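Q: kindly return the folded structure for what I paste below:
(one chain, ligands or ions: 1)
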Amino acid sequence: AHRVAATPIVIVGHVDHGKSSLIGRLLHDTGSLQEGKLAQIIESSRKRGLSVEWSFLLDSLQIERDQGVTVDSTRIPFRLGDREFVIVDAPGHRQFLRNMITGAADAEAAVLVVDAQEGAQEQTRRHALLLRLIGIRHVIVLLNKSDLLGFDETKILKAEADVRALLARLEIHAETMIPASARDGDNIAERSARAAWYKGPTLVEALANVPPPAPRTALAFRMPVQDVYRFDDVRYVAGRIERGTIRVGDQIAIGAQKQIATVAEVCRWHAPERPVAGAGESIALRLEPDLVPDRGDLLFPAHDSANAPVRAARVRARLFWLRTEPLRVGESFTLRIATAEYDVTVASIDAVVDLDDLTLNPGDHVQPDGFAEVTLAASHAILFDPFAPGLSGGRGVLVDRFQRIVGGAPLIGAAELPDGAHA
Ligand code: GDP
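A: So this is what the prediction gives:
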């Protein structure tokens with residue numbers, strides 16, 4: 001039977017608004033805690049003279065991760081009925097941002113935790129912008145610490161309006177705003193008796209309503225070339241199918257040159273021979289004629305111009321800047337998209353996001369942790385699918401000459417040439 005993949009979610013929010021507490025509470029209330037964990041939390045809470053402190057749970061998971069005990073350090077699995085979820089997390093704020101930006105997280109839904117008493121704060125704005133930037137489609141707002149407002153409807157609706165205004169400016173559609181207390185467990189898995197006025201879902205119900213990730217097999221075929229292997233006189237083009245399907249007999253185009261070949265054979269490493277393969281599978285193709293693509297070349301259907309990737313030497317990117325020194329026009333980097341690498345120069349900084357009011361303004365540099373729209377000029381044509389939520393394409397990453405990731409740069413389209421220039 002076809003197994004539905006776990007739905008990845010991220011939990012974001014201003015420091016101290018209750019993310020760790022929420023994760024602990026969620027794992028506990030959904031019965032996802034390992035044996036002994038709860039006793040451990042109660043014990044460490046008691047030692048600090050506290051009632052149960054859920055955030056300690058995360059700390060203890062953190063310690064396991066640091067010690068390399070947990071196999072996959074950034075994924076915390078839990079189950080709701082027959083659905084599987086994973087909370088995608090990373091040790092440290094910057095590592096977390098990096099994962100989000102580079103697509104490692106690939107989250108389907110996000111829970112934005114906002115302290116109902118404090119309302120949206122600086123990191124709330126940053127994180128909301130990030131969710132917009134990476135195209136998270138389902139945003140659930142948790143108005144946490146509502147216990148501190150006595151679950152008072154008027155006060156909580158005021159906090160809700162505040163967050164709504166922020167999200168509206170970012171064109172983020174939040175499906176649900178849930179008055180909750182991660183500490184006490186109100187409206188997490190159990191409906192709160194203290195907020196009888198609230199008719200919406202609990203967090204667990206809201207998560208259960210998030211549609212599972214759509215299978216990518218229905219989309220037009222894409223496979224970035226990872227390698228070309230040679231066995232005797234036969235060459236195999238290896239890669240992981242990003243989306244769509246491929247079968248023997250299909251005609252494909254290769255890279256920006258759009259050389260055409262026919263698929264003569266579809267091979268898998270450890271699986272029985274089948275003439276067809278789909279999204280997510282790592283395969284090797286034998287092509288006729290026996291062309292030799294380069295690593296990074298994108299394979300796509302030869303006769304589907306409506307769904308063809310964009311080819312451009314100047315591209316517009318939404319940049320999230322991670323380096324500790326500001327970015328200026330004229331700097332050069334390597335742009336990575338899947339397995340492809342291009343030499344690019346920042347041709348212009350077109351708009352910089354003001355993190356206080358989220359307006360786009362002219363600017364000549366981008367601050368660390370800043371957002372901007374930039375134009376990148378490449379030495380040769382870039383072939384890409386414009387970034388879109390839920391699709392794999394366009395996830396550009398900027399790398400400096402020391403191989404450090406300095407920015408996330410989802411490509412949003414081809415850029416116009418400057419006035420007076422000719423293609
Ligand atoms: P994080 O920095 O977002 O991970 O926040 P924590 O989960 O560490 O919580 C910060 C502080 O807020 C801790 O002292 C928690 O006990 C407290 N806290 C978290 N959730 C709630 C809540 O629902 N109600 C109240 N009153 N305190 C909370």
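
Q: which residue ranges of the chain form helices?
A: For the chain, the helices defined by DSSP state H occupy 19-29, 37-47, 55-66, 93-101, 122-134, 153-169, 203-208.

Q: can you give me the mean pLDDT across the last one?
A: Averaging pLDDT along helix 203-208 yields 95.

Q: how about the first one?
A: Predicted confidence along helix 19-29 averages 88 (mean pLDDT).

Q: show me what it is packed up against.
A: strand 7-13, helix 55-66, strand 75-80, strand 109-115, strand 138-144, helix 203-208 (3 or more Cβ pairs under 8 Å, 6 or more residues apart in numbering; DSSP states H and E). Glycine gets a C-beta too; all of them are placed from N, C-alpha and C.

Q: reformat these as TSV; add mean neighbour count.
A: What follows is the helices and strands packed on helix 19-29, written out as TSV (neighbours: other Cβ atoms under 10 Å):
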stretch	mean neighbour count
strand 7-13	23
helix 55-66	17
strand 75-80	17
strand 109-115	26
strand 138-144	26
helix 203-208	19
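
Q: the ligand is nearest to which of these?
A: Each of the helices and strands packed on helix 19-29 has some distance to the ligand by Cβ to the nearest ligand atom; the shortest is helix 55-66, at 3.6 Å.

Q: quick one: residues contacting Leu219.
A: Arg243, Gly244, Ala279, Asn307, Leu391 (Cβ atoms under 8 Å, 6 or more residues apart in numbering).

Q: out of the residues you listed, which is most surrounded?
A: Counting neighbours by other Cβ atoms under 10 Å, Gly244 comes out on top of the contacts of Leu219 with 22 neighbours.

Q: isn't that one up against Phe221?
A: Yes: contact criterion Cβ atoms under 8 Å: Gly244 and Phe221 qualify, at 3.3 Å.

Q: and for these two, which residues touch both?
A: Shared contacts of Gly244 and Phe221, defined by Cβ under 8 Å, 6+ apart, comprise Pro301.

Q: the residue in the stretch 251-400 of the chain that the ligand sits nearest to and Arg336: what is the separation?
A: Nearest to the ligand, among the residues of the stretch 251-400 of the chain, is Asp369, at 17.6 Å (Cβ to the nearest ligand atom). Asp369 sits 20 Å away from Arg336 when distances are taken as Cβ to Cβ, to the nearest Å.

Q: who does Trp321 bridge with?
A: With DSSP bridges as the criterion, Trp321 is bridged to Gly407.

Q: could you count how many residues lie near it?
A: Trp321: 24 neighbours (other Cβ under 10 Å).

Q: where does the stretch 1-150 of the chain dip in pLDDT?
A: 1-4, 34-74, 90-95, 97-99, 101-105 (pLDDT under 70).

Q: so how far is stretch 204-222 off the chain centroid?
A: Mean-position distance between stretch 204-222 and its chain equals 14 Å (Cα atoms, centre = their mean, to the nearest Å).

Q: any figure for the gap between the most centrally placed residue in the chain and Pro275?
A: Compute the mean C-alpha point of the chain, and by Cα atoms, centre = their mean the closest residue is Asp106, 3.4 Å away. According to Cβ to Cβ, Asp106 and Pro275 sit 29 Å apart.

Q: next one: Ala306
A: 25 Å.

Q: more neighbours: which of the two?
A: Using other Cβ under 10 Å as the criterion, Ala306 and Pro275 rank with Pro275 on top: 12 against 5.

Q: the more buried one and Thr245 touch, don't they?
A: No: look at Pro275 against Thr245 with Cβ under 8 Å: they stay out of range, at 10.7 Å.

Q: distance to Ser332 added to the helices and strands packed on helix 19-29, as JSON lines?
A: Formatted as JSON lines, the helices and strands packed on helix 19-29 follow (distance: least, Cβ to Cβ, whole Å):
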{"stretch": "strand 7-13", "distance to Ser332": "32"}
{"stretch": "helix 55-66", "distance to Ser332": "36"}
{"stretch": "strand 75-80", "distance to Ser332": "35"}
{"stretch": "strand 109-115", "distance to Ser332": "33"}
{"stretch": "strand 138-144", "distance to Ser332": "36"}
{"stretch": "helix 203-208", "distance to Ser332": "43"}
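
Q: nearest to Ala378, of the ones you listed?
A: strand 7-13 (30.9 Å; Cβ to Cβ).

Q: direction included, what does the closest one pair against?
A: Sheet pairing for strand 7-13, assigned by DSSP bridges, gives strand 83-88 (parallel), strand 109-115 (parallel).

Q: what parts of the stretch 1-150 of the chain come near the ligand?
A: Residues of the stretch 1-150 of the chain found near the ligand (Cβ under 6 Å from any ligand atom) are 13, 15-21, 53, 55, 144-145, 147-148.

Q: among those residues, who's most crowded?
A: For these, the largest neighbour count, defined by other Cβ under 10 Å, is 31 neighbours, found at Asn144.

Q: ok, that residue - contacts?
A: Asn144 touches Gly13, His17, Gly18, Ser21, Leu22, Val113, Val114, Asp115, Ala116, Ala180, Ser181, Ala182, counting by Cβ under 8 Å, 6+ apart.

Q: return the closest of those with respect to Glu331.
A: Closest to Glu331, out of all of the contacts of Asn144 and judged by Cβ to Cβ, is Gly13, at 32.4 Å.

Q: buried stuff in stretch 320-332?
A: The neighbour-count check on stretch 320-332 (16 or more other Cβ atoms under 10 Å) flags Phe320, Trp321, Leu322, Arg323, Leu327 as buried.

Q: give me the contacts around it.
A: Stretch 320-332 is contacted by residues 94, 97-98, 101, 130, 133, 319, 343-349, 364-372, 374, 400, 404-409 when judged by Cβ under 8 Å, 6+ apart.

Q: alright, I will stop here.
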